[in-house]
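Q: Kindly generate the corresponding structure for this input.
(one chain, ligands or ions: 3)
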Amino acid sequence: MSELYLVTDTDMGCRAGHTVPYIVEEACRAGVRWVQLREKTASTRAFVELAGELKRITQMYGARLIINDRVDVALAVDADGVHVGQDDMPHHLVRKLIGLDKILGLSVNNLTELQEAKGADIDYLGVAAIFPTATKQDTSSLLGLEGLREICRQTRLPTFAIGGINAGNIRDVMRAGATGAAVVSAICGHPSPYEAARELSLLMSE
Ligand SMILES: Cc1ncc(COP(=O)(O)OP(=O)(O)O)c(N)n1
Ligand SMILES: Cc1nc(C(=O)O)sc1CCOP(=O)(O)O
Ligand SMILES: [Mg+2]
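A: Numbers count the residues shown, from 1 in each chain. Ligands and ions are numbered 1, 2, ... in the order given. A predicted model of the protein is given here:
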C-alpha cells in the first residue's frame, strides 16, 4: 500500500484550477490511502460539509480520512482520525475524545518533542519540517535529511516526513528511514493531481 499522504489545501487547489474533492478523488484513484483535510480559515459549517464529502470519497477507495486540528469535525463525520501538532489540543485529550479505535497523529519537530511523545498513545508521527516550504508560514527550524534520519532511528512509530517534499527529493526522504511522505503542493498545486500522485508513489517505492 502506498504510504504517500496527501494533505489538502483549498487555496492552492483553487489556484491550480481544482476543488479539494477533485484533488482527493484523483489522488485516491492514483493509489493514495492517507488523506488529511487541512482547513485553516474555513467556517465550521464549510469544514464539516467538506469533511463529509471527503469521507464519502475516501471510503469508496478504502483510504483513511484524517482531520487536521479539529476533533469536533472528525467526530461529526466519523473520520478515521485526527492530526495535531505541538500547539494544538494535547494528544492525550484528543485520544480521550476520539476513543481508542481512531487514528491519532502527532507532529514532532525535534528530538526533545520526540522524547516527550515516548509512551504516548499515538499511532504515527508527522516529522516536520524537512525542507523549506512556502505552504506553511509558522514552521519550526528545518530538520533536513539528517534530522529526519535521527528521529526515525529513535522511534518505532510510523513516521511521515513533511515539508518541501516533491518528486526531486522523495526518494531521499524514504532512504532516510521514513515510513512515508506527506505532501501538499506536490499534489494540490500540480496541473494533474492524478499524475503527480502516481509519480510520487512510484518514486517512493523505488
Ligand atoms: C502528517 C502531518 N505532519 C505534520 C503536520 C503539521 O501539523 P501542525 O504542526 O499541527 O501544523 P498545522 O498543519 O496544524 O498547521 C501535519 N498537518 N500533518
Ligand atoms: C502542513 C505542514 N506542516 C508543516 C510543518 O513543518 O509542520 S510543513 C506543512 C506543509 C507542507 O507543504 P508542502 O508539501 O507544500 O511543502
Ligand atoms: Mg495543527
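
Q: Near ligand 3, which residues of the protein? Just list them.
A: Proximity of the chain to ligand 3 is confined to 69, 85, 88 under the rule Cβ under 5 Å from the ion. No exception for glycine: its C-beta is placed from N, CA and C like everyone else's.

Q: List the buried residues of the helix ranked longest in the chain.
A: Longest helix of the chain, by residue count under DSSP state H: helix 44-61. Of all the residues in helix 44-61, those buried under the rule 16 or more other Cβ atoms under 10 Å are 47-48, 50-51, 53-55, 57-58, 61.

Q: Closest to ligand 1 out of those?
A: Of all these, residue 47 has the smallest distance to ligand 1: 13.1 Å, by Cβ to the nearest ligand atom.

Q: Distance to residue 203 and pLDDT added to the buried residues of helix 44-61, as a markdown table?
A: Output for the buried residues of helix 44-61, formatted as a markdown table (distance: Cβ to Cβ, whole Å; pLDDT from 0 to 100):
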| residue | distance to residue 203 | pLDDT |
| --- | --- | --- |
| 47 | 32 | 98 |
| 48 | 35 | 98 |
| 50 | 29 | 98 |
| 51 | 30 | 98 |
| 53 | 29 | 98 |
| 54 | 25 | 98 |
| 55 | 29 | 98 |
| 57 | 24 | 98 |
| 58 | 23 | 98 |
| 61 | 21 | 98 |
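
Q: thinking again about what came up before, most neighbours of all the residues of the chain next to ligand 3, which one?
A: Among the residues of the chain next to ligand 3, residue 69 has the most neighbours (other Cβ atoms under 10 Å), with 21 neighbours.

Q: Pretty sure that residue sits against residue 83.
A: Yes. Between residue 69 and residue 83 a contact is recorded at 7.4 Å, counting by Cβ atoms under 8 Å.

Q: Ligand 2 versus residue 107, what's the distance?
A: Distance of residue 107 to ligand 2, computed by Cβ to the nearest ligand atom, to the nearest Å: 5 Å.

Q: List the beta-bridge partners for that residue.
A: Residue 107 forms beta bridges with residue 126, as assigned by DSSP bridges.

Q: residue contacts, it?
A: For residue 107, the contact set (Cβ atoms under 8 Å, 6 or more residues apart in numbering) comprises 83-86, 113, 125-128.

Q: now with 7 Å?
A: Residue 107 makes contact with 85-86, 126, 128 under the criterion Cβ atoms under 7 Å, 6 or more residues apart in numbering.

Q: Columns secondary structure on top of those residues, output as TSV?
A: Converted to TSV, the contacts of residue 107 look like this (DSSP: H, G, I helix; E, B strand; the rest coil):
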residue	secondary structure
85	coil
86	coil
126	strand
128	coil
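
Q: so which of those comes closest to ligand 3?
A: Set against ligand 3, the nearest of the contacts of residue 107 by Cβ to the ion is residue 85 (3.7 Å).

Q: Look up phi and psi at that closest one.
A: Dihedral angles of residue 85 (phi, psi; degrees, to the nearest 10) stand at phi -110, psi -170.

Q: Can you convert the contacts of residue 107 into TSV and add a column each for pLDDT?
A: Shown next, in TSV, are these (pLDDT from 0 to 100):
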residue	pLDDT
85	98
86	98
126	98
128	98
